[in-house]
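> coordinates only, sequence not included:
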């Protein structure tokens, strides 16, 4: 008896595309690439969060002139994406510097949902749940409203990029 190639005798188990096999560090995904900005266009969101929920297949009529399967039903694999509704809770303005973008400030919404506040705690139920309470109190005062207006005007004058949270 002689051995064949190793790839037949002891093939590897699992795809290398799924390495490293460990728990994700963040539940929410990150947008890692943005499209080129068109300065002539109106301001708009350039990315939207979506998650791969799974895969399935569909049967559709093929439209490939010259192919054997033209005008016949073909089965194709499709990816199912889930895009939950995005809720904006604040804005951050950035100005361009020679070494990269520099933060000009952050303006938070006047009402932040409890689901969003949970992200700031390791154990939400046992905590005092005081996140955003001082900010909310400050935003209701005269100085708070002036500070918010000042930051927004600074964004309008100097911000190169405005990111929503």
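Looks like it came in fine. Remember, it's a predicted structure, so these values are computed and weren't measured experimentally.
> how far out from the middle of the chain is stretch 122-137?
In terms of Cα atoms, centre = their mean, to the nearest Å, the centre of stretch 122-137 is set 24 Å apart from its chain centre.
> Endpoint to endpoint, stretch 36-49 covers what distance?
Chord length of stretch 36-49, first to last residue, is 18 Å (Cα to Cα, to the nearest Å).
> Now do the top helix by length along the chain, average pLDDT.
Counting residues, the longest helix found in the chain (DSSP state H) is helix 142-158. Across helix 142-158, pLDDT averages out at 95.
> can you check stretch 104-112 too?
For stretch 104-112, the per-residue pLDDT averages 93.
> Just name whatever secondary elements the longest helix of the chain is in contact with.
Packing contacts for helix 142-158, counted by 3 or more Cβ pairs under 8 Å, 6 or more residues apart in numbering; DSSP states H and E, involve strand 90-97, strand 100-108, helix 133-140. C-beta: built from backbone N, CA, C; applies to glycine.
> Work out the sheet partners of the second one and label each with its direction, please.
When sheet partners are counted by DSSP bridges, strand 100-108 sits next to strand 90-97 (antiparallel).
> Mind listing what's buried along the partner strand?
Buried residues in strand 90-97, counted by 16 or more other Cβ atoms under 10 Å: 91-94.
> Return the closest of these with respect to residue 45.
The nearest member of the buried residues of strand 90-97 to residue 45, counting by Cβ to Cβ, is residue 91 at 11.6 Å.
> wait, isn't the closest one in contact with residue 103?
No: contact criterion Cβ atoms under 8 Å: residue 91 and residue 103 do not qualify, at 11.4 Å.
> Show me where the chain dips below the pLDDT cut-off.
The chain contains residues with pLDDT under 70 at 1, 3.
> Helices along the protein, start to end?
6-9, 114-117, 133-140, 142-158.
> And these: which comes nearest residue 33?
Nearest to residue 33, of all the helices of the chain, is helix 142-158, at 23.9 Å by Cβ to Cβ.
> for the closest one, the distance to its chain's centre please.
27 Å.
> what's in contact with it?
Residues outside helix 142-158 that contact it (Cβ atoms under 8 Å, 6 or more residues apart in numbering): 91, 93, 95, 104-107, 138-139, 162.
> how about a cut-off of 6 Å?
93, 95, 104-105, 107, 138 (Cβ atoms under 6 Å, 6 or more residues apart in numbering).
> do stretch 105-124 as well
Contacts of stretch 105-124 (Cβ under 6 Å, 6+ apart): 89-92, 127, 131-132, 139, 148, 151.
> let's see it at 10 Å
Residues outside stretch 105-124 that contact it (Cβ atoms under 10 Å, 6 or more residues apart in numbering): 27-28, 87-94, 125, 127-133, 135-136, 139-140, 144, 147-152, 154-155, 159, 162-163, 165.
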